[in-house]
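In: need a structure here:
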Amino acid sequence: MTEHSSPLAKTFDPAAIEAKWYRHWEETGAFRPNRPDAEPYTIVNPPPNVTGSLHIGHALDNTLQDILIRHARMQGKDALWVVGTDHAGIATQMVVERQLEERQDKRTNYSREEFVDKVWEWKAESGGTITRQLRRLGCSMDWSREQFTMDPHFTKAVIKVFVDLYNQGLLYRDKRLVNWDPKLKTAISDLEVDTREVQGHMWHFKYPLAGGETYTYVERDADGAIILEEERDYISIATTRPETMLGDGAVAVHPSDERYKPIVGKLCEIPVGPKEHRRLIPIITDDYPDPDFGSGAVKITGAHDQNDYGVAQRNGIPMYRLMDEVAAMRSDGAPYAEAAQQAKALGNGASAAEVDALNLVPDVYRGLDRYEARKKVIADIDADGLMIKVEDKIIMQPFGDRSNVVIEPMLTDQWYVDAKTLAEPAIEAVRSGAIDVVPKSWEKTYFNWMENIQPWCVSRQLWWGHRIPAWYGDDGQVYVAEDEAAAQALAGAAVSLSQDEDVLDTWFSSALWPFATLGWPEEGELLSRHYPNDVLVSGFDILFFWDARMAMQGLHFMKEAPWKTLYLHGLVRAADGSKMSKSKGNTVDPLGLIDQYGADALRFFMAAMESQGRDIKMDQARVEGYRNFGTKLWNAARFCQANGIGASATVEAPKANHAVNRWIIGEVVETLTKLNKAFEEFRFDGMADTIYHFAWGTFCDWYLELIKGQIDDETKAVAGWVFDQILVMLHPFMPFITEELWHAMGERGGTLLIHAQWPEPKAVIDFDARDEIRWVVDTVSAVRGARNEAGIAPGLRLTAHVADNAPIIGKYLEGSTALISRVGRIDIIYPDAPPVGAAVRVAVPLGTLVIGLEGTIDLEAERARLTKSIEAISKERDSLAGRLNNPAFVEKAKPEAVEKARADHAEKAAEVERLKGALAALG
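Out: Numbers count the residues shown, from 1 in each chain. The predicted model follows:
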């Protein structure tokens, strides 16, 4: 692309420049200039799913990262932004299976290897959607080293980590409760569970006490008075999932619950199944049951409920799995009568494997879907007269976010990482400041989760992903090694081996992203220069699923925290503050916003709205407003071109004699100081606010107006230099328009703006010039406001007098009388006293101006206008006051309606007072 300084088009069109410049940057290697001796600066991009498309959260996350990386690059650093995609085990396998189903085909018609080949084919054809979309956003990533979590070098790192952790005793196989997706037939992470409110039921059943034993059940009110006393031969249990009663291991009550103290330690009977084989389970105490919820007694089904699992673990209660991989009631194993006898014989001392082998589902329910079994269990209990009641109840139900089926907590054999041990150095890294969490308010959440961390389930029952490097002999003995040959060597030549069918959780591999993307486990220059990374930008919602795990793995394998700073941003929400979701129809397509307003406008919106510790409310009007900001800059560049103002020949500020030029140079210095401070503190909203107000307000609205008609060589040099500083400072936020304008302003010696030097505030602020021109600006603004209030035409020339003896104003007027006269269309007389008569008094810095109105406006017509306006607005004010004084409105209306009425009343009241003041000034 050749440099040019041809006149800019009259209208700013983002689409005309964005694709052009991105292609040029990428083709010329602009995103990764060769700077081997420069200070390294590194960001790794949270890898989006290879199946993904750009959503508004991606737009926020990647905009913030690009701002930081472009800023570092302009500071001369060896800036590396690592980019890549995640293989997304479940999501990708689902996409390919769906394609097969569309052709009346299915995965199980193929061998594992054949299906995996089909996934690779899909990736080659369709896996680049989101990377193309990141380019449209303007992300300056190092595409020459694009990563993929299933690439050979990355796979090598994943396998090594698994084997090393296993050999260090930090990774093991265990039977624990997981989120089981019956449609996908795999364990899933908490992040992949969507918990929703649904209409359900609560069933209350009697669990008869063993041997017909009875006790006196007493209920009391808050004051201790007895409200119910009766003899009972049962304990009442409430459940939303009756089908799981078959796997109960105990009934628990709170230690403080006086109602059940007579029967703690006794046995009760599960009221379902053939009567002669019904199991007896103990009544125990535990802190988990809430005496005020339901009956206060809770059945403990450790194999099918997260809370019950904890109770069962603490109390040594056996956990009986009732369902198979599709959440149907188990149909394997011995008949129920035999299994029930075995359960009694085993007692509480049985191993987990022995307990899991028992199928305690009565024969009549075996093979039924869980919900069909529920209906039959309820009917059978009711037929026995053991159902107390059923009540409608809103319940929280977990759904698979991809399968959309109800998740079944399930006791299964999985591979686990000892997260508690790995978490200890990661906790200390944050405490010591080795990892600086921004904002600090997230540290408490981080510590709370990490200090109570549970074993991490890292296995998934899929075909697509990193297959677990574990092989089993015929006797079940496991051999973990980096490949089959190494496993065979461990087992001995005579042992026949078969590899584990499972794959690793996607989060396991992505936890290695900060160092495996840099070549680890090979020790190369890239790794030594760019690890640890400088900053990780992440949504707070994956703090535990990804960020914390990267910290754990990085510290364990690299002996150093993976990044110096962890910046956590909020979520992008709908305009009303609600969470975006497809079901609500309130999602926003960032590509649609780019098509409509341009990438620069969307990027600037994201930066301006990103305030630490707060979510972002989507506001399309503000995106449009930042598109108008782009137009403002475009028109400023056209003004410069039309007046002979071009590219600056120097990085240093030009010499200046005119006060207006000395002022604007000082404003650049102050703006840059504020901007640098905001960068240091990761205050993106502060960054955007600083450059926006300087570019739009100070430069475009004031400086260019102040110099109109007086553009000499000095002013051309200063204006060109200032506009260059604006383009440089704004480039990380709005890269496309700034690069276009950079070259439109003149020859740059082959330097792209993306590589331009970040400004350094070396110029000295001229405080006299600053104070003088700021006084001029404030005075002209005040006069313009007074014109508007008094109904004086903007073009009418006025005369004003300084009301008081104010020598400093006289000093300012010595140098700026002509400037104020031209820009403000007002002649200020000093030190003569103001004339008597109708006048407007205008408060200005350091004094007051008196603008005579005699002969300037039609005083009678203006009095009539103001009087009429006062009457109309007073009527509106009084009407609002009447509503607010009406208790029925204040008490019954929506709070937001009441608040709006108060705000409107205050606004109308203030307007009336302002107009009365204007009327009084007319005499």
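
In: low-confidence ranges in the chain?
Out: 1-5, 347-348, 805 (pLDDT under 70).

In: mind checking the longest strand of it?
Out: Criterion DSSP state E: the longest strand present in the chain is strand 193-208.

In: Please identify the buried residues of the helix or strand just after that one?
Out: With elements assigned by DSSP states H and E, the helix or strand that comes after strand 193-208 is strand 215-220. Within strand 215-220, the residues scored as buried using 16 or more other CB atoms under 10 Å are 215, 217. Glycine gets a C-beta too; all of them are placed from N, C-alpha and C.

In: Helices of the stretch 601-750 of the chain, residue ranges please.
Out: Ranges of helices in the stretch 601-750 of the chain, per DSSP state H, counting those that start in this stretch, are 620-642, 659-680, 684-692, 704-707, 713-730, 735-744.

In: one step back: from the chain's centre, how far out does the longest strand of the chain sit?
Out: 32 Å (CA atoms, centre = their mean, to the nearest Å).

In: Restricting to C-alpha, output it in PDB.
Out: Written as PDB, here are the backbone C-alpha positions of strand 193-208 (Å, rounded to 0.1, in the frame of the first residue of the first chain):
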ATOM      1  CA  VAL A 193     -24.600 -26.600  33.500                       C
ATOM      2  CA  ASP A 194     -27.500 -24.100  33.100                       C
ATOM      3  CA  THR A 195     -29.600 -24.000  36.300                       C
ATOM      4  CA  ARG A 196     -33.100 -22.800  35.700                       C
ATOM      5  CA  GLU A 197     -36.300 -22.200  37.700                       C
ATOM      6  CA  VAL A 198     -39.000 -24.700  36.700                       C
ATOM      7  CA  GLN A 199     -42.300 -25.700  38.100                       C
ATOM      8  CA  GLY A 200     -42.000 -28.900  40.100                       C
ATOM      9  CA  HIS A 201     -43.400 -30.800  43.000                       C
ATOM     10  CA  MET A 202     -42.500 -31.700  46.600                       C
ATOM     11  CA  TRP A 203     -43.700 -35.100  47.700                       C
ATOM     12  CA  HIS A 204     -44.000 -35.900  51.400                       C
ATOM     13  CA  PHE A 205     -43.600 -39.600  52.400                       C
ATOM     14  CA  LYS A 206     -43.600 -41.700  55.500                       C
ATOM     15  CA  TYR A 207     -40.500 -43.700  56.200                       C
ATOM     16  CA  PRO A 208     -41.800 -46.300  58.800                       C
END
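
In: buried set for that strand?
Out: Quick answer for strand 193-208 (16+ other CB under 10 Å): 203, 205-208.

In: Ok, stretch 137-153 next?
Out: 137-143, 147-150.

In: now stretch 611-619
Out: Under 16+ other CB under 10 Å, the buried positions of stretch 611-619 are 612, 616, 618.

In: go on, stretch 511-528?
Out: 511-521, 526-527.

In: what does stretch 752-766 give?
Out: Neighbour count says stretch 752-766 has 752-756, 758-759, 761, 763, 765-766 buried, by 16+ other CB under 10 Å.

In: and residue 319, how many neighbours?
Out: Residues within reach of residue 319, counting by other CB atoms under 10 Å, total 23.

In: wait, it sits on residue 309?
Out: Yes - using CB atoms under 8 Å, residue 319 is in contact with residue 309, at 7.1 Å.

In: Need the residues touching each of these two.
Out: Shared contacts of residue 319 and residue 309 (CB atoms under 8 Å, 6 or more residues apart in numbering): 302-303, 411.

In: Helices of the stretch 751-900 of the chain, start to end?
Out: 767-790, 807-824, 859-884, 887-892, 895-921.

In: what's the fourth one packed up against?
Out: Packed against helix 887-892, as judged by 3 or more CB pairs under 8 Å, 6 or more residues apart in numbering; DSSP states H and E, are the following elements: helix 895-921.

In: how about the buried residues of stretch 137-153, which pair is most distant?
Out: Taking every pair in the buried residues of stretch 137-153 and measuring CB to CB, the maximum separation is 27.5 Å, between 138 and 150.

In: residue boundaries of the strands in the stretch 51-200 of the chain?
Out: Remark: strands assigned in the stretch 51-200 of the chain by DSSP state E, counting those that start in this stretch are 78-82, 84-85, 147-148, 171-181, 186-188, 193-208.
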